[in-house]
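> With the sequence up front, the predicted model follows.
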Protein chains: 2
Amino acid sequence: MRRPDHQTTTLSAEAVLAPYLRDQAAGFLRSLRLHREHSAPTDAGTHRAEEAARALRHAARRISGTLHTFRAALEPGWADQLRTELAWLSGTLAREHAYATRLGRLLEALHQLSGAQLPAARTAAVPAGQAEPAAGDKERAALGVGAARAGALLERRLTLARTRAHSAALQALGSSRFHAVADAVALLASEVPLSSTAPDQADDLLHGPAGLAEQRMLAAVAALPPDDALQPYNEAQDALWHQARLLLRLHRYAHEVVRGAPDPVLTGAGHALDLHRDAAEAAAAASAAARTPRIAPATAYALGVLHADQRHEVEAARSVFRETWPYTAAVTAP
Amino acid sequence: MRRPDHQTTTLSAEAVLAPYLRDQAAGFLRSLRLHREHSAPTDAGTHRAEEAARALRHAARRISGTLHTFRAALEPGWADQLRTELAWLSGTLAREHAYATRLGRLLEALHQLSGAQLPAARTAAVPAGQAEPAAGDKERAALGVGAARAGALLERRLTLARTRAHSAALQALGSSRFHAVADAVALLASEVPLSSTAPDQADDLLHGPAGLAEQRMLAAVAALPPDDALQPYNEAQDALWHQARLLLRLHRYAHEVVRGAPDPVLTGAGHALDLHRDAAEAAAAASAAARTPRIAPATAYALGVLHADQRHEVEAARSVFRETWPYTAAVTAP
């Protein structure tokens, strides 16, 4: 459904917004149906239920973002109300997914640091008597014990959090509040409540707000602190990056609406910022686990290693973003 | 004292080796005298004593490396004997320096991770209600407590080790074994015991061994494991890198002998491998400190962070070496 530029500028806001919102609403309802089919306790398709939940969040975020950015082209009271409800829903659904991702990321990192290389690889390759004594064996053994305990601790904590989030999501999906959201989205799939000015040309009601979303995103990126690769413990800067991620997402969705297709550059940049967020939250989870009372020093040690590794991944994600980000213009805040 | 190539090839081994060894021997004796002058308890010039010890090690390593590489051009029994004694001496002197460097490096890293950024920087820049909750404050507080304790623990351990190494160095410098070394070096400063074939052309006795030193170094570099940037916990590979560092050093010294001046590329590569060694040993020291009985989890946690940071610096040093290393030819071991 990609449209050439010259055509877009002559399309009305209605002709662009309404089909996009109807498509996303249809996607929302389809994934909701799939989620219900695969969530039954007799069904082994947990993976399918997760896929459906992902598609549900995907559609909810796009509808909510569109209602936000193009509010002026829509019936404003309705748009604000539905947006609030969709934010509640996707937030609730995202939590379970986030805990699962975080646990997977941390266990993978623990696995890498505890068993990646066998120390035996050394002995054959180095002439006897010439190598300086290596402390690698002891380090690895110390890490091995602590890593196993840290893994068990994180698994306990994050699985508990995930289970709670899962119950909360199921409860949300069974609530009357959710049924009201689903009803509103079902209505949206057939009819989009536009503002009285929406039949106007797209320039005012589409390109204006889309341009503003882009400017806000560019200003947030321009406001990011300069690169200081040797300072991974700058948690104080994380919030600015998370903010840039949210504004980039709104811009990506607005771009999808106006251009009719996602921009691969923005998708890539968004992916780097997602990894940034995941690594920052995983570092925080390692740090939080280390505050568990009465843990063994070896466990705390492995959690410290884990924290540092995740902070280095935060730094790496920032580098990837900076290296791939194509817009270098000096931007003034709108 | 840089000599053009065409000249070198027609110089005898004696004409090249003897002045180099005499120079280094003179440097050894000069720094020994300086060290004695500044080591007196009434003298505040600890820094000068350290400088002198550094120059002493510098000369001892060069003499020892030259005796090793160009053994065939020298009186072999004498060369082997002096080389062994110089290795003992520079090893003994290096230990004190290594503990001081390690402590400095670890305290600097702890300082960076505990106080670099004030969390307050965040609040002003992000619009209220839009930022995801940041766990940075708690993380930093946890790190702060542990970092202070870890710093105290490392300072205690490494200062103790350094003091012991200092006593051992002073004892060595007062020993009859050392006086025998100093006597041998004093003789070397006036007369270099050459083999009977040393008056031959430089090609056989200089370029042959120098070329061999280069080939061994290139083979060691070629044998280094391929880049895997995401695996900083490959302590098993450290020994191969330490081995490459030692062979590069022998090659650097042989190059100095034959060409009459250091090669800046080799100096830079050697520096990267020195940093690699320092970071690997600092990581091992953090790990060893974490095995102290009855330490608090917060201390262990900070030591884990420290370990991870130093392993990332190991990885960074490997990258710097790989990026600046100009020889890419496939090398077969000699």
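Nice, thanks for sending it over.

> any idea how far chain B is from A:Arg294?
8 Å (Cβ to the nearest Cβ, to the nearest Å). Bear in mind the C-beta positions are built from the backbone N, C-alpha and C, glycine included.

> and if you look at A:Ala222?
Going from A:Ala222 to chain B by Cβ to the nearest Cβ gives 12 Å.

> Contacts for stretch A:269-276 next, please.
A:241-242, A:244-245, A:248-249, A:252, A:313-314, A:317-318, A:320-321, A:324-325 (Cβ atoms under 8 Å, 6 or more residues apart in numbering or on different chains).

> What is the nearest of those to chain B?
A:His242 (4.9 Å; Cβ to the nearest Cβ).

> who's in contact with A:Ser211?
Residue A:211: Gly, not Ser. Here A:Gly211 is in contact with no residue (Cβ under 8 Å, 6+ apart).

> What separation do you get for it and chain B?
Counting by Cβ to the nearest Cβ - A:Gly211 and chain B are separated by 20 Å.

> And for A:Ala210?
For A:Ala210, the distance to chain B - Cβ to the nearest Cβ - is 20 Å.

> Please apply the same query to A:Ser64.
Taking Cβ to the nearest Cβ, one finds A:Ser64 at 14 Å from chain B.

> Using the three-state scheme, assign that residue.
Using DSSP: H, G, I helix; E, B strand; the rest coil, the structure places A:Ser64 in helix.

> where does the stretch 151-300 of chain A come near chain B, residue by residue?
Contact residues, the stretch 151-300 of chain A versus chain B (Cβ under 8 Å from any Cβ of the partner chain): A:223, A:230-240, A:242-243, A:246, A:277, A:281, A:283-284, A:287-288, A:290-291, A:295-300.

> per-residue confidence for the residue lying closest to A:Leu153 once chain neighbours are set aside?
Closest residue in space to A:Leu153, ignoring its immediate chain neighbours: A:Ala289 at 5.4 Å, by Cβ to Cβ, 6 or more residues apart in numbering or on different chains. For A:Ala289, the model assigns a pLDDT of 96.

> so which strand or helix has A:Ala289?
Following DSSP states H and E, one finds A:Ala289 within helix A:264-290.

> A:His312 and B:Ala308 touch, don't they?
Yes: with contact defined as Cβ atoms under 8 Å, A:His312 reaches B:Ala308; the gap is 7.4 Å.

> Settle it for me: which of these two has more neighbours?
Of the pair A:His312 and B:Ala308, B:Ala308 is the one with more neighbours under other Cβ atoms under 10 Å in any protein chain shown, namely 28 against 21.

> separation between the more buried one and chain A?
3 Å.

> need the contact list for that residue.
A:304-309, A:312, B:232.

> And for the closest residue to A:Ser190 other than its chain neighbours, the neighbour number?
Counting by Cβ to Cβ, 6+ apart, A:Arg22 is the residue found nearest to A:Ser190 once chain neighbours are left out, at 7.5 Å. A:Arg22: 15 surrounding residues under other Cβ under 10 Å.

> what separates the closest residue to chain B within the stretch 151-300 of chain A from A:Ala109, distance-wise?
Closest to chain B within the stretch 151-300 of chain A is A:Glu235: 2.9 Å, counting by Cβ to the nearest Cβ. Relative to A:Ala109, A:Glu235 is positioned 18 Å away (criterion: Cβ to Cβ, to the nearest Å).

> Who has more neighbours out of those two?
The neighbour count for A:Glu235 versus A:Ala109, taken as other Cβ under 10 Å, is higher for A:Glu235 (24 against 21).

> export the contacts of B:Ala308 to CSV and tack on secondary structure?
What follows is the contacts of B:Ala308, written out as CSV (three-state DSSP):
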residue, secondary structure
A:Gly304, helix
A:Val305, helix
A:Leu306, helix
A:His307, helix
A:Ala308, helix
A:Asp309, helix
A:His312, helix
B:Pro232, coil
